[in-house]
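missing the sequence, but the structure's below:
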């Protein structure tokens with residue numbers, strides 16, 4: 001109980017962690033549809049094709065989580081924390097079963113090493129780690145039941161393992177290793193009789209999955225489109241052992257060791273402890289760790305095999321490998337250090353290092369607030385409430401006909417929810433275009449980028465696939481126009497300002513667009529550009545740009561890829577003085593060319609970065625609210641783009657625009673050749 005309670009207590013800061021990623025919202029979707037009595041994968045061509053039987057058990061946990069707790073985060077995170085605590089206890093029990101003559105010292109050490117490994121923080125903190133947690137519990141439980149000769153329970157746990165995650169299929173090799181290490185004296189015939197039912201269960205579930213894939217015929221699932229399995233014999237004998245070693249000594253990552261070095265150190269420790277111990281516990285632990293490091297080596301993303309760094313970047317892939325490695329490590333340390341003082345010193349050093357690294361990783365992984373929080377708080381009540389508008393609060397009754405018709409409409413005919421914002425925070429966007437939000441509200445989200453009025457939306461023909469956003473989102477060909485907002489359709493302004501706790505979502509009324517045909521271009525003198533400084537009363541720029549002038553053009557260079565802290569306030573690298581009346585200014589027209597810097601641009605993230613950030617400031621306008629994003633085309637050619645200001649409620653609500661600032665969010669070089677304000681003639685408008 002002390003081991004269980006201590007492990008759970010260690011992860012308590014994660015209890016209020018928010019959901020992030022579209023895959024997390026898929027789990028919420030499955031829970032909500034389950035509560036409604038509908039399969040989460042219902043499609044016109046049937047249920048069977050879309051429910052991966054290798055993840056059936058883990059997927060079943062979303063129903064009670066949502067049914068009992070809704071989107072209350074402790075109800076989602078507590079099961080993960082308790083599952084990991086259970087697995088630490090199961091590691092201790094397995095160590096005890098394999099070496100009963102050693103007393104409690106080795107089992108408690110093995111359980112503590114499994115509990116405190118910093119590698120596991122990601123698995124516990126991320127809700128998708130449920131698959132790995134359940135698979136680990138089922139594999140450990142099956143080994144325990146097999147050792148105890150409880151065949152029915154062992155076979156049931158084998159079924160649980162192979163229906164928790166694909167890597168659960170390795171439960172059969174694990175049981176074989178357990179038998180060879182601890183029970184082979186009963187004879188090969190008897191051992192085969194005991195192992196055969198487990199093999200039959202694993203083969204049956206794997207065959208059923210193959211039937212599912214064959215039934216689909218063509219790839220329709222985004223995950224299948226980007227992920228596949230491939231055999232690389234060299235990686236099996238190089239990357240896999242190094243991954244197992246790196247998992248075993250994951251606390252060393254805090255020292256800044258390179259991945260291969262960490263893997264070599266860990267592999268050396270794993271082999272040395274197994275040889276030194278020469279016991280069933282050491283053999284099961286070492287071979288189990290090596291075997292469970294194989295699945296991520298077989299994984300392909302976009303046809304590319306994962307290298308060691310990429311595997312360690314997704315530490316949940318090595319969850320089971322570390323659990324079994326803890327068995328070998330505890331046995332090796334205590335066996336190799338026979339003197340009591342040496343044992344205690346060795347255990348103390350390992351425990352302190354692991355605990356310190358895990359506490360640090362837990363602190364980093366704690367996410368009690370999210371940029372998506374304000375949007376979630378706004379849309380979650382729409383299940384039973386009304387649709388917000390500029391004149392009616394959430395939950396109002398006036399849109400009953402529209403509300404009643406939502407369930408009867410096809411996805412591409414559903415009423416729309418217009419979100420006017422910049423795409424600065426990925427978690428907000430993923431919630432906005434998630435299938436859960438569409439199903440929960442019955443609304444089709446249109447993500448309208450302020451300035452360009454580009455509309456991002458979900459392709460209704462595509463399903464979710466983990467975090468592969470490019471698999472299902474798209475930019476609509478036509479820009480947004482206020483005239484297309486139907487009566488009763490809500491328009492919400494999402495403001496990304498500073499820390500996530502300061503974000504807000506509010507219903508707004510769009511301004512009537514100005515007559516663009518009447519607007520005249522007013523050039524802005526690029527030679528008047530200055531760099532914000534403390535002397536001028538401005539904070540220093542957020543990023544170290546190089547700014548230069550070249551024959552009337554303004555050149556900005558950002559050499560190092562910028563980081564984007566959660567509470568970053570964007571300060572322009574260069575500002576230009578202007579005097580514009582928002583009531584008369586249609587927009588800003590920018591002529592530029594752009595080339596990439598040292599960091600390759602990622603096409604699959606083409607809507608997430610690669611922007612010229614245009615910051616407007618003046619009375620009633622500034623900070624994050626005044627930042628508009630101009631997507632760049634990195635081909636070295638000149639392009640002319642217009643940022644529309646006349647339909648933006650924040651800009652139209654300002655008194656004046658007195659400065660225009662520029663900065664970059666991607667390592668690149670941008671040359672601005674011309675900046676023009678498109679102004680409808682009026683008394684107070686102009687540029688200086």
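Cool, got the structure. None of these values were measured; they are calculated from a predicted model.

which residues does residue 494 bridge with?
Beta-bridge pairing of residue 494 under DSSP bridges involves residue 505.

around residue 210, count how many other residues there are.
Using other C-beta atoms under 10 Å, the number of residues around residue 210 comes to 10. To be clear about C-beta, it is placed using only N, CA and C from the backbone, and glycine gets the same treatment.

do residue 201 as well
20.

what helix or strand is it on?
In this assignment (DSSP states H and E), residue 201 forms part of helix 188-216.

which parts of that helix are buried?
Judged by neighbour count using 16 or more other C-beta atoms under 10 Å, the buried positions of helix 188-216 are 191, 194-195, 198-199, 201-202, 205, 209, 212.

thought residue 174 was touching residue 289?
No: contact criterion C-beta atoms under 8 Å: residue 174 and residue 289 do not qualify, at 10.6 Å.

shared neighbours, the two?
Shared contacts of residue 174 and residue 289 (C-beta atoms under 8 Å, 6 or more residues apart in numbering): residue 324.

those two: which has the busier surroundings?
residue 289 (30 against 25).

ok, and the closest non-adjacent residue to the more buried one?
Nearest residue to residue 289, sequence neighbours excluded (C-beta to C-beta, 6 or more residues apart in numbering): residue 325, at 3.7 Å.

what about that neighbour, which helix or strand?
Short version, using DSSP H and E: residue 325 is in helix 319-336.

skip ahead from that helix and say which helix or strand is next.
helix 340-365.

following element in sequence after that following helix, please.
Trace forward from helix 340-365 with DSSP H and E and the next one is helix 373-379.

contacts for that following helix, please.
Residues outside helix 373-379 that contact it (C-beta under 8 Å, 6+ apart) are 18, 71, 370, 388, 394, 417, 419, 428, 431-432, 437, 440-441, 492, 494, 500-501, 503-505.

average pLDDT for it?
Per-region confidence: helix 373-379 scores 83 on mean pLDDT.

list the buried ones in the one helix or strand residue 87 maps to?
In this structure, residue 87 is located in helix 73-98 according to DSSP H and E. Residues of helix 73-98 classed as buried under the neighbour-count rule (16+ other C-beta under 10 Å) are 73, 75-98.

and what of stretch 7-24?
Along stretch 7-24, these residues count as buried under the neighbour rule (16+ other C-beta under 10 Å): 7-8, 10-11, 13-15, 17-24.

before we move on, what about stretch 270-282?
Going by neighbour count (16+ other C-beta under 10 Å), the buried part of stretch 270-282 is 270-271, 273-274, 276-277, 279-282.

so which of those comes closest to residue 113?
Checking the buried residues of stretch 270-282 against residue 113 by C-beta to C-beta gives residue 273 as the nearest, at 11.5 Å.

that closest one contacts residue 333, doesn't it?
Yes: with contact defined as C-beta under 8 Å, residue 273 and residue 333 form a contacting pair (7.0 Å).

okay, the angle between the helix holding residue 87 and helix 319-336?
Interaxial angle of helix 73-98 relative to helix 319-336 (axes from the mean of the first three to the mean of the last three C-alpha atoms, to 10 degrees): 40 degrees.

please state the offset of helix 73-98 from the chain centre?
Taking C-alpha atoms, centre = their mean, to the nearest Å, one finds the center of helix 73-98 at 23 Å from the center of the full chain.

quick one: average confidence on it?
Averaged across helix 73-98, the pLDDT comes to 93.

after it, which helix or strand is next?
Taking DSSP H and E, what comes next after helix 73-98 is helix 105-116.

angle of that next one against helix 340-365?
Angle, helix 105-116 to helix 340-365, by the same axes, to 10 degrees: 20 degrees.

count the residues that sit near the closest residue in space to residue 229 that isn't next to it in sequence.
Distances taken as C-beta to C-beta, 6+ apart place residue 298 nearest to residue 229, at 5.1 Å, with adjacent residues excluded. Residue 298 has 18 neighbouring residues, counting by other C-beta under 10 Å.

ok, back up a step: for the helix holding residue 325, buried residues please.
319-335.

so what does that helix touch, helix or strand wise?
Applying 3 or more C-beta pairs under 8 Å, 6 or more residues apart in numbering; DSSP states H and E, one finds that helix 319-336 contacts helix 73-98, helix 105-116, helix 130-147, helix 239-248, helix 259-277, helix 280-292, helix 340-365.

at 6 Å instead, please
helix 73-98, helix 105-116, helix 130-147, helix 239-248, helix 259-277, helix 280-292 (3 or more C-beta pairs under 6 Å, 6 or more residues apart in numbering; DSSP states H and E).

show residues contacting that helix.
For helix 319-336, the surrounding residues in contact (C-beta atoms under 6 Å, 6 or more residues apart in numbering) are 91, 95, 106, 109-110, 113-114, 117, 119, 123, 132, 136, 244, 247-248, 270, 273-274, 276-277, 281-282, 285-286, 288-289, 292-293, 343, 346.

right, and residue 153 touches residue 145 too?
Yes: shown here, residue 153 and residue 145 form a contact pair, counting by C-beta atoms under 6 Å, at 4.3 Å.

looking only at neighbour counts, state which of those two leads.
residue 145 (20 against 15).

for the nearest residue to that one once chain neighbours are set aside, give me its contacts.
Nearest non-adjacent residue to residue 145, counting by C-beta to C-beta, 6+ apart: residue 154, 3.7 Å away. Residue 154 is in contact with 142, 145-146, counting by C-beta under 6 Å, 6+ apart.

what's the closest of those residues to residue 638?
Lowest distance from residue 638 to these (C-beta to C-beta) belongs to residue 142, with 64.6 Å.

quick one: contacts for that closest one?
Residues in contact with residue 142 (C-beta under 6 Å, 6+ apart) are 154, 157-158, 171.

out of the residues you listed, which is nearest to residue 594?
Nearest to residue 594 among the contacts of residue 142, with distances taken as C-beta to C-beta, is residue 171, at 52.4 Å.

next, count neighbours for the residue nearest to the closest one when sequence neighbours are not counted.
Using C-beta to C-beta, 6+ apart and skipping the chain neighbours, the partner closest in space to residue 171 is residue 161 (4.2 Å). Residue 161 has 33 neighbours, counted by other C-beta under 10 Å.

and residue 161, what element?
Taking DSSP H and E as the criterion, residue 161 maps to helix 151-162.

buried set for that helix?
By 16+ other C-beta under 10 Å, the buried positions in helix 151-162 come out as 154-162.

pLDDT value on residue 549, please?
80.

measure it to residue 526 for me?
From residue 549 across to residue 526, the span is 7 Å (C-beta to C-beta, to the nearest Å).

neighbour count: those two, which is higher?
Using other C-beta under 10 Å as the criterion, residue 549 and residue 526 rank with residue 526 on top: 18 against 11.

the more buried one and residue 555 touch, don't they?
No: Residue 526 lies out of contact with residue 555 (C-beta under 6 Å); the separation is 10.0 Å.

low-confidence ranges in the stretch 101-250 of the chain?
Scanning the stretch 101-250 of the chain with the threshold set as pLDDT under 70 gives 215-228.

what's the mean pLDDT across the host helix or strand of residue 8?
Assigned by DSSP H and E, residue 8 belongs to helix 2-10. In this model, helix 2-10 carries a mean pLDDT of 88.

counting by contacts, list what it packs against.
Partner elements for helix 2-10 (3+ C-beta pairs under 6 Å, 6+ apart): helix 73-98.

ok so, going back, of the buried residues of stretch 270-282, closest to residue 520?
Looking across these and measuring by C-beta to C-beta, the closest to residue 520 is residue 270, at 73.7 Å.

what's the pLDDT at the closest one?
With respect to pLDDT, residue 270 scores 81.

how much space separates residue 174 from residue 348?
Distance from residue 174 to residue 348, by C-beta to C-beta: 31 Å.
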